[in-house]
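**Student:** structure for this input, please:
(one chain, ligands or ions: 1)
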Amino acid sequence: MRRRRAALAALAVTHALQSTPHRLPPLAASSLALDEATTLPFGPARDAAAMAIALDEARAAASRGEVPVGAVVVDDTTGTIIARAGNAVEASHDATAHAELRAMRAAAQFVENWRLQDATLYCTLEPCVVCLGAAYAFRIPSVVYGAPDHRMGAAGSWLDLPSETHPFHSLNIRGGVRADESAQLLKDFFRDRRKAGPRM
Ligand SMILES: [Zn+2]
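**Tutor:** This is a model prediction of the structure:
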């Protein structure tokens with residue numbers, strides 16, 4: 001735990017928009033200070049702040065030609081973002097390379113523990129059954145999402161996984177945080193893609 005705390009204290013923010021999920025690099029000696037943007041406020045303001053960064057990841061995904069969905073994982077004990085990722089389905093030819101799954105994997109690598117028991121997953125879109133199933137596997141206690149996904153959403157839109165009683169893990173999930181912005185990004189993306197004509 002001490003090691004993990006020390007690692008978290010050494011976090012530096014990066015707003016570099018990379019196509020791979022990234023662990024935040026350790027604070028370089030030349031860095032001035034921890035960027036306040038990585039340490040989120042406690043309380044209700046956290047939802048909006050975390051989702052803003054997830055939305056940045058979604059926009060970055062769109063600029064790479066990926067469906068604009070973004071996700072971040074926040075360490076609830078420190079309020080620090082420990083991983084962020086966008087969709088990478090097209091680039092990786094992997095239908096499960098969703099932002100949420102990539103962010104959870106990166107977070108687990110960062111804390112060197114697959115049990116993310118003190119973390120919240122923020123994602124711009126209602127998670128699909130793969131990602132929500134993964135949240136159970138990673139022991140994530142809380143998931144906060146933006147817009148509903150009427151095609152693939154597993155939190156009530158298509159399936160309703162959280163309504164099922166799990167034998168040992170409970171997961172709190174709620175949606176609607178900055179939902180309009182998330183939905184608009186998706187709408188714009190698919191409109192532009194339709195305009196561009198049939199995909200090869
Ligand atoms: Zn998914």
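**Student:** quick one: secondary structure of the residue most central in space within the chain?
**Tutor:** Compute the mean C-alpha point of the chain, and by Cα atoms, centre = their mean the closest residue is Ala71, 1.6 Å away. Secondary structure, DSSP: H, G, I helix; E, B strand; the rest coil: Ala71 is strand.
**Student:** so what's it up against?
**Tutor:** Counting by Cβ atoms under 8 Å, 6 or more residues apart in numbering, Ala71 makes contact with 54, 57, 84-86, 98-100, 102-104, 121-124. Heads up, the C-betas are built off the backbone N, CA and C, glycines and all.
**Student:** shaky segments in the chain?
**Tutor:** 1-37, 199-200 (pLDDT under 70).
**Student:** need the residues of it near the ion, please.
**Tutor:** Proximity of the chain to the ion (Cβ under 5 Å from the ion) is limited to residues His98, Cys128, Val130, Cys131.
**Student:** please, which helix or strand holds the third one?
**Tutor:** Secondary structure from DSSP states H and E places Val130 in helix 129-137.
**Student:** that helix packs against which elements?
**Tutor:** Applying 3 or more Cβ pairs under 8 Å, 6 or more residues apart in numbering; DSSP states H and E, one finds that helix 129-137 contacts helix 99-111.
**Student:** how big is the angle separating the helix or strand that the helix it packs on is followed by from helix 129-137?
**Tutor:** Using DSSP H and E, the helix or strand that directly follows helix 99-111 along the chain is strand 119-125. Comparing the axes of strand 119-125 and helix 129-137 via axes from the mean of the first three to the mean of the last three Cα atoms, to 10 degrees yields an angle of 170 degrees.
**Student:** quick check: angle from strand 119-125 to helix 99-111?
**Tutor:** Using the same axes, to 10 degrees: strand 119-125 against helix 99-111 is 150 degrees.
**Student:** so what are the sheet partners of strand 119-125 and their directions?
**Tutor:** strand 70-75 (antiparallel), strand 142-147 (parallel) (DSSP bridges).
**Student:** how about the strands in this protein?
**Tutor:** 22-23, 70-75, 80-86, 119-125, 142-147, 172-174 (DSSP state E).
**Student:** and the helix holding Val130, what's buried?
**Tutor:** Residues of helix 129-137 classed as buried: Cys131, Leu132, Ala134, Ala135, Tyr136 (neighbour count, 16 or more other Cβ atoms under 10 Å).
**Student:** returning to that earlier point: dump the strands paired with strand 119-125 into a markdown table; add distance to Ser163 as well.
**Tutor:** Shown next, in a markdown table, are the strands paired with strand 119-125 (distance: least, Cβ to Cβ, whole Å):
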| stretch | distance to Ser163 |
| --- | --- |
| strand 70-75 | 22 |
| strand 142-147 | 14 |
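**Student:** using CSV, list the CA coordinates for the helix holding Val130.
**Tutor:** What follows is helix 129-137 as a C-alpha-only set of coordinates in CSV (Å, rounded to 0.1, in the frame of the first residue of the first chain):
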residue,chain,number,x,y,z
VAL,A,129,-21.5,-6.3,-21.6
VAL,A,130,-17.8,-7.0,-22.1
CYS,A,131,-16.7,-3.9,-20.3
LEU,A,132,-19.2,-4.1,-17.5
GLY,A,133,-18.3,-7.8,-17.1
ALA,A,134,-14.7,-6.8,-16.9
ALA,A,135,-15.5,-4.2,-14.3
TYR,A,136,-16.8,-7.0,-12.1
ALA,A,137,-13.7,-9.0,-12.8
